[in-house]
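Participant: Provide a 3D model corresponding to the input given below.
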Amino acid sequence: MSRGLPFKSCSCRDENRNKIGAACPRLRRAGGAWSAAHGTWGYRIELPVQPDGKRWQLRRFGFATREAALVDRSRAQSLLELASDDNAVGNEIARMLKDAKSGRPFPDRDAVARRVRAGLVASSAMTVGDYLWQWHASRRKIQPTTLVSYESHIRVHLVPHLGHIPIDRLRVGHLQSMFDSISDRNLQIDIARCSDDVQVRASVSSVRRTGPATMQRIRATLRKALNDAIRTHRLIEFNPAAYVELPSVQAPRARVWTAAAVQQWKETGLRPSSVMVWTPEQAGAFLDHVEDNDVFVYPIFALILHRGLRRGEALGLRERDVDLAGRTATIAQQLTTVGYEPVIKVVKSYAGDRIIALDVSTTAALRIYRERRERWRADAAWPKTEVFFVRPDGRQWHPGQVSDRFERLVADSGLPPIRLHDLRHCAATLLKASGSDLRDIQEVLGLSSITVAANTYTSVVHELESERAKAEAASALVPRRSGAAVGTPASHPHENDPSGPPGTRTRNLRIKRQQDVNIPILKQRSYLRKRRRRLSSMDLGRSWGARMFATCRHLGREKPRIQLHRVTEELGGNPRSAGVQRVVFSCIATTRPLHLLYASET
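Facilitator: Now for the predicted structure:
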């Protein structure tokens, strides 16, 4: 039995109510063969020696046939072979076999093999939550901000909804249910914010909604983690995150604070878009306000507005990066935050590492700031930093502090609100309006693609006065009929025609009254489109009279032969005459009755 050969046992008991087991005399026949009618089959195999040196065995009973016991024994042995010569892994697999309840199958061999190859615990199925935290801890060669974003997605959304599910049993339906729950939570927040109860509104005042863009990033985090589970750890073979459907995300279009938009904002408090851009006059008024009220941040905002720097790029400028004599600035690093801790890191992309030219007004503002900073430096406790923009005490700015000051200054100025990042949109829009092409905008703003400059940063240029002047210039190139005033609608030559009595003009076939629905002639004609098709099918080789007759017939005239005969007689009787041709083809062009056109000719 030590070799794992199948044997039979039963649940019979002796007179003392103790189990007899394999010693039951009814298990064997007279010749020593196993009885076919009594007992069940089982097996016993040796397991790897425990760390303390003790031996143990795997015993499984309750199989109806000898072949079923042999199949189950083969599965147990195949699982033990995964450990090879690693005794620790062998003990983990042995413990997994011992924990399997009798009558139930062992864990899938391929799943256990994947866990063994990944160096994970083989004795238990790994859950999504356990794997995500191990995956997050193993991420080393990524930016700290990205690592914080991963941690937030795992902690707030993925683990609460999916953490208890075994990773090899994760399906698309689980993910869809998670995103449906997030959408339901967003709806609850919206309803609470519109509630008449003050306490209900206060309960969600600091709660943030999870928008479509955040949902896409959550799915991207899970998709990356599961892709690593497939390629690196070989825990699964299918990535459900690649097949879940989410609402598409469209970037909001930038809008200019025109006079109408400002008036609507003052009346309703609503913004036309989440991304708003000031007009040049509004931008100048803001810089004047900042220069008068907060000289410490004025050069920062002036640089961002004129040259389109990101907030982190402006705050990350070093002393050696600013060349006021040469009027250039080198963008090589940025000051950002990990959580709330400010950190210095490289620029956002390869295109972001650039050198920009400085205009005269920005250079003057930076030069005045540098002189003021030298006076601050006289303090003995002045800290040594390499950054160009610092606070009056010499310490570097926190990005959040700069954004808070910007919002406060905008509110105090009385101007319509925009975000600090919208100053970058203002810079791009003003560059385009001043004559710069998209390639220039891409290089100045440090964009990785010219498509971004075309779609994101110049969408508001048509609302500027300079573009309206271009539109007027283009419109002036189109010649118009003499006497038509520019900007006024041209009148139709037969509009308000007094030549016929009221009610004799042909109705506009584009406007169908209720009583005209069942008129056959209106069903057969669709004004210009069908008329052109009929005229194109006419035989131009016929005589002029036949062509005019066919024209009248195709246009639905009543008694076209009588009308044509009367007109040709009164105009000289020659169908090929210029007068007849003019009348008939005027009829074709205007669909007016022939007798009215004749009256206008005579």
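Participant: buried stuff in whichever strand or helix holds residue 182?
Facilitator: Element membership of residue 182 [criterion: DSSP states H and E] is helix 172-193. For helix 172-193, the neighbour count (16 or more other CB atoms under 10 Å) marks 175, 178-179, 182-183, 186, 189, 192 as buried. In this view, the C-beta of every residue, glycine as well, is placed from N, C-alpha and C.
Participant: what's the most distant pair in the residues you listed?
Facilitator: 175 and 192 (26.3 Å; CB to CB).
Participant: looking at this structure, which helix or strand does the model trust least?
Facilitator: Using mean pLDDT, DSSP states H and E, helix 594-601 stands out as the lowest-scoring helix or strand of the chain, at a mean of 44.
Participant: wait, residue 387 touches residue 334, no?
Facilitator: No: judged on CB atoms under 8 Å, residue 387 makes no contact with residue 334 at a distance of 10.9 Å.
Participant: those two: which is more packed in?
Facilitator: residue 334 (22 against 17; other CB atoms under 10 Å).
Participant: looks to me like the more buried one is in a helix.
Facilitator: No: with DSSP: H, G, I helix; E, B strand; the rest coil as the criterion, residue 334 is strand rather than part of a helix.
Participant: need the overlap of contacts for residue 387 and residue 334.
Facilitator: 315-316 (CB atoms under 8 Å, 6 or more residues apart in numbering).
Participant: strands of this structure, start to end?
Facilitator: With DSSP state E as the criterion, the chain has strands at 7-9, 40-46, 57-63, 255-256, 276-277, 322-323, 328-331, 333-338, 341-346, 354-357.
Participant: most tightly packed of those?
Facilitator: strand 276-277 (a mean of 24; mean count of other CB atoms under 10 Å).
Participant: list the strands paired with that strand, with their directions.
Facilitator: strand 255-256 (parallel) (DSSP bridges).
Participant: pLDDT of stretch 50-59, averaged?
Facilitator: Averaged across stretch 50-59, pLDDT comes to 87.
Participant: ok, how many other residues are close to the closest residue in space to residue 308 that isn't next to it in sequence?
Facilitator: Nearest residue to residue 308, sequence neighbours excluded (CB to CB, 6 or more residues apart in numbering): residue 427, at 3.4 Å. Residues within reach of residue 427, counting by other CB under 10 Å, total 23.
Participant: any idea how far residue 284 is from residue 427?
Facilitator: 13 Å (CB to CB, to the nearest Å).
Participant: picking that back up, just the pLDDT at the residue nearest to residue 308, thanks.
Facilitator: On the pLDDT scale, residue 427 gets 89.
Participant: hang on, it packs against residue 306?
Facilitator: Yes: contact criterion CB under 8 Å: residue 427 and residue 306 qualify, at 6.4 Å.
Participant: count of residues packed around residue 146?
Facilitator: 12.
Participant: skipping adjacent residues, who's closest to residue 416 in space?
Facilitator: residue 257 (4.4 Å).
Participant: neighbours around that neighbour, how many?
Facilitator: With other CB under 10 Å as criterion, residue 257 counts 22.
Participant: same question, residue 100
Facilitator: 16.
Participant: check contacts around it.
Facilitator: 106-107.
Participant: in terms of pLDDT, where does it sit?
Facilitator: Value for residue 100, per-residue pLDDT: 82.
Participant: that one and residue 69, how far apart?
Facilitator: 15 Å.
Participant: again with residue 138
Facilitator: 42 Å.
Participant: neighbour-wise, which of those two wins?
Facilitator: residue 69 (23 against 10).
Participant: name the nearest residue to residue 203, ignoring sequence neighbours.
Facilitator: With CB to CB, 6+ apart, the residue lying closest to residue 203 is residue 192, at 6.4 Å.
Participant: next one: residue 200
Facilitator: In space, residue 200 is closest to residue 192, 5.1 Å off (CB to CB, 6+ apart).
Participant: if I pick that neighbour, what's in contact with it?
Facilitator: Counting by CB under 8 Å, 6+ apart, the residues that residue 192 touches are 200-201, 203-204.
Participant: how is this protein partitioned into domains?
Facilitator: Using automatic domain parsing, the domain parsing of the chain gives 7-117, 128-242, 255-467, 514-601.
Participant: quick check: residue 447 touching residue 351?
Facilitator: Yes: counting by CB under 8 Å, residue 351 is a contact partner of residue 447 at 6.0 Å.
Participant: the two: which is more packed in?
Facilitator: residue 447 (23 against 15).
Participant: how near is the more buried one to residue 39?
Facilitator: From residue 447 to residue 39 the distance is 80 Å (CB to CB).
Participant: what's the answer for residue 116, then?
Facilitator: Residue 116 is 36 Å from residue 39, by CB to CB.
Participant: can you count the residues close to residue 395?
Facilitator: By other CB under 10 Å, neighbour count at residue 395 equals 12.
Participant: now do stretch 128-148, average pLDDT.
Facilitator: Mean predicted confidence for stretch 128-148 is 89.
Participant: hang on, I meant stretch 192-211
Facilitator: On average, stretch 192-211 scores 89.
Participant: cool, and stretch 366-374?
Facilitator: On average, stretch 366-374 scores 92.
Participant: which pLDDT value goes with residue 329?
Facilitator: 92.
Participant: what's near enough to touch residue 151?
Facilitator: Per CB under 8 Å, 6+ apart, neighbours of residue 151: residue 136.
Participant: okay, it and residue 443: tell me how far apart.
Facilitator: Counting by CB to CB - residue 151 and residue 443 are separated by 35 Å.
Participant: which residue ranges form the helices in the stretch 201-350 of the chain?
Facilitator: 212-231, 259-268, 280-293, 298-307, 311-315 (DSSP state H, counting those that start in this stretch).
Participant: mean neighbour count and distance to residue 111 for these - can I get that in TSV?
Facilitator: Shown next, in TSV, are the helices of the stretch 201-350 of the chain (neighbours: other CB atoms under 10 Å; distance: least, CB to CB, whole Å):
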stretch	mean neighbour count	distance to residue 111
helix 212-231	18	12
helix 259-268	12	59
helix 280-293	16	62
helix 298-307	24	54
helix 311-315	25	45
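Participant: now do the contacts for residue 36.
Facilitator: No contacts exist for residue 36 under CB under 8 Å, 6+ apart.
Participant: gap between it and residue 64?
Facilitator: For residue 36, the distance to residue 64 - CB to CB - is 11 Å.
Participant: how about residue 390?
Facilitator: From residue 390 over to residue 64 (counting by CB to CB), the distance is 83 Å.
Participant: those two: which is more packed in?
Facilitator: Of the pair residue 390 and residue 64, residue 390 is the one with more neighbours under other CB under 10 Å, namely 21 against 9.
Participant: hang on, that one packs against residue 398?
Facilitator: No: assessed by CB under 8 Å, residue 390 is found out of contact with residue 398, at 11.5 Å.
Participant: what do these two both touch?
Facilitator: Counting by CB under 8 Å, 6+ apart, nothing touches both residue 390 and residue 398.
Participant: distance between the helix holding residue 182 and the chain's centre?
Facilitator: Distance of helix 172-193 from the chain centroid (CA atoms, centre = their mean, to the nearest Å) equals 17 Å.
Participant: got the angle for it vs helix 212-231?
Facilitator: Angle of helix 172-193 versus helix 212-231, following axes from the mean of the first three to the mean of the last three CA atoms, to 10 degrees, is 160 degrees.
Participant: now stretch 238-245 - C-alpha only, PDB.
Facilitator: Written as PDB, here are the backbone C-alpha positions of stretch 238-245 (Å, rounded to 0.1, in the frame of the first residue of the first chain):
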ATOM      1  CA  PHE A 238      -7.200  35.600 -20.700                       C
ATOM      2  CA  ASN A 239      -7.400  39.300 -19.900                       C
ATOM      3  CA  PRO A 240     -11.100  40.300 -19.300                       C
ATOM      4  CA  ALA A 241     -10.100  44.000 -19.000                       C
ATOM      5  CA  ALA A 242      -9.400  44.100 -22.700                       C
ATOM      6  CA  TYR A 243     -13.000  43.300 -23.500                       C
ATOM      7  CA  VAL A 244     -15.100  45.300 -21.100                       C
ATOM      8  CA  GLU A 245     -17.100  48.200 -22.700                       C
END
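Participant: alright, calling it a day.
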